[in-house]
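[1] Here you go, sequence then predicted model.
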Amino acid sequence: MGLEEGYRSRGAAFCIPLLLWISTSGIDACTTSEFEALIQFKVRVDHGSSLNLDSWIEGSDCCGWRGITCNNETRSVIKLDLHGGALKGSVVDNLTSLYDLEVLDLRDNLFTTAILSPLSTLQKLHTLDVSHNQLQGPFPRCIGNFSALTSLTLSGNQLTGFLPSSMLELCHLSHLDLGDNLLEEIPEWIGNLSSLEHLDLSENDIVGKIPESLGQLTFLQRLYLHNNQLGGNIPGSLGRFPALKVLMLQSNRLKGAIPSSIGNLSAGVMVNNFRLHSNELSGHIPMSLGNLSVQSFILSENYLSGPIPSSFASLTRSVTSFFMSENFLTGEIPPFLMENTGNMFEFSIATNRLTGSIPAFSGNTSRLICFNVSNNFLSGPVPTLPAVNILDMSNNSITGSFPSRALENFTHLEFVSFQSNHLVGGIPSSFGFKCTELQILILKSNHFSGDISSCFRNLVSLSYLDLSENDFSGQVPAFGNSSKMEKAKLGENSFEGVIPASFSSMRSLLTLSANNNKLTSPLPSLSNCHNLEVLDVSSNEMNGTLPSWIGDLGDSLRVLMLGSNRFEGLFPSWLGRFTRLHVFDLSNNKISGTLPSDVGLLQGFKNEGVGFNATVTQDLKQKLYEDEIVVVAKGLRVEYQYALTYVTSFDVSRNDLDGPIPPQIGDLDRLRFLNLTSNRFSGSIPPSVGNIVLLESLDLSFNDLTGSIPFELTSNTFLAFLDVSFNQLSGQIPQGYQFDTFSAFSYVGNVGLCGYPLGECTDPIPSQHALTVSLDPRHVFQDWVGLPGTLVGFVIGFFSTGTLICSWRKARRLDCGPEVYTR
């Protein structure tokens, strides 16, 4: 080996360990002060099982730690990203040693407001995100000390009060997101933050007006003020934004007319979202809005009136979502709306006052998935329709026959409703051959007729079917795939025969309503339908004994309607098994025996029962899935829409029941309507009835009850209707509270009763005051005497109680809904 080669080999051997020493000595690693600061931060912060700090190990280069970015040249930390780590703490002053830190991302952790003040010393910090933490209390004044900030995000916390004027020091701020807090006001000075491009103050408790000064923010591109309590008019200055792409003012209390200056927004710029829905805006829609180039255009749920502006012929060419539902718009649907559908996905002008016929579609409709014109005054036939997914034409005056040809190529149809129109004729058996995705079909309240027993075999995805209130006849239809069926509403038609045995396999079934038909026994066993909540086969021609399998539904059934049939035999022994039942109708049958004491076990009629729900969800599907029932309340047949929410009724009237009324019935303290009329109950009225604190209607007429009316019934302060007529009651009628409102018709046929409103009890025989009959009152007076009593009871009940929300037949709609797009 030569001398030169020897030196080279020895030099190489020396340089390799030298390079290794240099690489591990920290020359290219983060600075010692920053390393120590980060280690101390890890020690002082509760990081639990978070993986974010697992790589922060002493003896390693902090520039390689998870969440840390260093400057390539100086090796100083310039970005710290610890989002989503469930980190907790209030002391982060160690981070103030990161002098070159530019970006700090602490979103989705558990930090408190105390961390902000020390961080304000970081003079190079331009992006700060502490959203979705536990920042609480008044908005921190120290924010004004972050002089280099261009982006500040503190959304999703619980900051309260007012924005401090110290924020005016943030002269470089372009992105400000304070949404989802508890802030109370938009300050007038906010218009001086002249660099703002993105402003989000949505989902706070902000009251007052939108400041005119917002119009000074000439660089603003996105404005989110939705879901507050802002009132007053929309300031005209909002029309000055030359580059605005998002305007979200929905879900406030804005009033007055839409300023015409809004039509000057973003000339030549596409507005992605223009949303003014869910306010109190009124007046005509300004023609200038037709100048906008917009994608999502939503004015729903206001008080806007007048016709749809002709200038919208231009606006709708670019629109993808067009919602103007729930206003007071009048006039006819302009034909251009059916022409400019080339870019449109969703179209809804539901719940207005539009008239005339629906124009024919003449444009490209290949993208349209939702078409909703429900709840108007539209007439004429169903036009040729685009192949949409959601079609709602309900609650109009549309005429003609079922548009089977128009629908036969709707291969992706999921929802269709023609409810409450004037459509006639039958449904061809070929319907739905290609509609294999159809889930909801509503034909309620038309004049459809004919045999449809084989019409729905191809609808294998059907889960909701409402054919009620038509003139359908023949057998109840069979279904191609019964496992998905949840709601089958077949009532008020002329179906005959038995309900098909295929219903027994409907394991997802929630409601079977087949009332007011000509159906006969036997009922197929539904014991495998473990989710069944509503079973209504009332007003049919069923006979025999009550099926024993009904008792197997004790954990699910909430509404059981078996009335007005020909059932016979003893009162069912399974009644006490029901834990959720709160509507029970066995009236107008031939049931005998006694009312069992385990009636007091019906938890659904009790205050703590699971069958009673005091709130009505606003969820769209829940509205659709609410069940309507008819109950005898206060002497009248009344339809209630929210059967699963408000109604509690127990009706075994017009049977052959005897024996005493069990005192356990007084345990049903959520019961509102109790009807035991026209049986052979004997003994006294249980004083425990006074414990039914919400009782509104009590009918014990036409029985063999004796004794006096218990004074405890005066505790029923909601009682609006009382009928104890035609019994053998005697003694003083209780006085006070609701008893001062009942007329003599409540007590007719009880010769031993006295006191108001009958004669004084000093009369030995108050017959001159109490109406009497010489014939069997069950057959003579039951029908005609009850009528004035029920009318009086109804009037009294109507004005004396407001606790039960009674909803008469109301048209319900399925909107494509701007709410699903709310940010």
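    That came through fine. Residues are numbered from 1 along each chain as shown.
[2] got any ranges where the stretch 451-600 of the chain has weak pLDDT?
    For the stretch 451-600 of the chain, the stretches with pLDDT under 70 are 480-481.
[3] Please confirm that L116 is located within a helix.
    Yes. Secondary structure of L116 (DSSP: H, G, I helix; E, B strand; the rest coil): part of a helix.
[4] just the helices in the stretch 701-823 of the chain please.
    Taking DSSP state H, counting those that start in this stretch as the test, the helices found in the stretch 701-823 of the chain are 777-784, 786-800.
[5] Oops, could you answer that again for the chain instead?
    3-24, 32-44, 116-119, 312-315, 336-339, 404-407, 620-625, 777-784, 786-800 (DSSP state H).
[6] and the fifth one, what does it pack onto?
    Here helix 336-339 touches helix 312-315, going by 3 or more Cβ pairs under 8 Å, 6 or more residues apart in numbering; DSSP states H and E. (Each C-beta comes from the backbone N, C-alpha and C, glycine too.)
[7] Now do the helix it packs on: which elements does it pack against?
    The contact analysis (3+ Cβ pairs under 8 Å, 6+ apart) places helix 312-315 against helix 336-339.
[8] List the neighbours of the helix it packs on that are in contact with it.
    Where contact means Cβ atoms under 8 Å, 6 or more residues apart in numbering, the residues beyond helix 336-339 that reach it are 308, 310, 312-313, 316, 322, 347, 349, 358-363.
[9] How far off centre is that helix?
    Offset of helix 336-339 from its chain centre (Cα atoms, centre = their mean, to the nearest Å): 32 Å.
[10] So S592 sits against F571, correct?
    Yes. The pair S592 / F571 is scored as a contact, 7.3 Å apart, by Cβ atoms under 8 Å.
[11] so how far is stretch 290-297 from its chain's centroid?
    29 Å.
[12] Contacts for it, please.
    Contacts for stretch 290-297 (Cβ under 8 Å, 6+ apart): 263-275, 309-315, 318-323, 821.
[13] Narrow those residues to those that are buried.
    263-266, 271-275, 309, 311-313, 315, 318-319, 321-323, 821 (16 or more other Cβ atoms under 10 Å).
[14] Run through the residues that contact the nearest residue to G600 once chain neighbours are set aside.
    Excluding the flanking residues, the one nearest G600 by Cβ to Cβ, 6 or more residues apart in numbering is Q664, at 2.8 Å. Counting by Cβ under 8 Å, 6+ apart, Q664 touches S597, D598, V599, G600, L601, S688.
[15] and what of E197?
    Contacts of E197 were listed using Cβ under 8 Å, 6+ apart, and they are S174, H175, F219, L220, Q221, R222.
[16] Can you tell me the closest non-neighbouring residue to the last one?
    In space, R222 comes closest to V246 once its chain neighbours are excluded; the distance is 4.2 Å by Cβ to Cβ, 6+ apart.
[17] So that neighbour versus N228, what's the distance?
    The gap separating V246 from N228 is 16 Å, by Cβ to Cβ, to the nearest Å.
[18] Those two: which is more packed in?
    Taking other Cβ atoms under 10 Å, V246 and N228 do not tie; N228 has more neighbours (24 against 18).
[19] got the contact list for the more buried one?
    N228 sits next to L201, S202, E203, N204, D205, I206, V207, S251, N252 when contact means Cβ under 8 Å, 6+ apart.
[20] switch to 7 Å and redo it
    S202, N204, I206, N252 (Cβ atoms under 7 Å, 6 or more residues apart in numbering).
[21] Can you report how many residues neighbour the first one?
    For S202, the neighbour count with other Cβ under 10 Å is 25.
[22] Next: the second one.
    A count of nearby residues for N204, using other Cβ under 10 Å, gives 24.
[23] mind checking pLDDT for it?
    Per-residue pLDDT puts N204 at 97.
[24] Spatially nearest residue to it, not counting backbone neighbours?
    L183 (4.3 Å).
[25] do L122 as well
    Using Cβ to Cβ, 6+ apart, the nearest residue to L122 is L101, at 5.2 Å.
[26] any idea how far R141 is from the one you found?
    Separation of L101 from R141 (Cβ to Cβ): 22 Å.
[27] Looking at the two, which is more packed in?
    Of the pair L101 and R141, L101 is the one with more neighbours under other Cβ under 10 Å, namely 24 against 14.
[28] Run a quick check on that one versus S76, I expect a contact.
    No. With contact defined as Cβ atoms under 7 Å, L101 does not reach S76; the gap is 8.4 Å.
[29] sorry, back to before: compute the number of surrounding residues for the residue nearest to N204.
    21.
[30] pLDDT below threshold where in the chain?
    Of all residues in the chain, those with pLDDT under 70 make up the ranges 1-28, 49, 406, 408, 432-433, 480-481, 608-645, 763-823.
[31] Check the gap between the closest residue in space to L695 that isn't next to it in sequence and F726 for me.
    Counting by Cβ to Cβ, 6+ apart, L695 lies nearest to N716, which is 4.7 Å off, once chain neighbours are set aside. Remark: distance between N716 and F726 (Cβ to Cβ) = 21 Å.
[32] who has more neighbours, those two?
    F726 (28 against 21).
[33] Skipping its backbone neighbours, what lies nearest the more buried one in space?
    G749 (3.5 Å).
[34] My understanding was that that neighbour contacts S725; is that so?
    Yes. G749 lies in contact with S725 (Cβ under 7 Å); the separation is 4.8 Å.
[35] Neighbour count: the two, which is higher?
    Shown here are G749 and S725; by other Cβ under 10 Å, S725 has more neighbours (28 against 22).
[36] can you pull the contacts of the more buried one?
    Going by Cβ under 7 Å, 6+ apart, S725 touches S701, F745, S746, Y747, V748, G749, N750.
[37] Who wins on neighbours among those?
    S701 (31 neighbours).
[38] Verify the contact between the residue nearest to N204 and V207 for me.
    No. L183 lies out of contact with V207 (Cβ under 7 Å); the separation is 10.1 Å.
[39] what do the two both touch?
    Residues touching both L183 and V207 (Cβ under 7 Å, 6+ apart): there are none.
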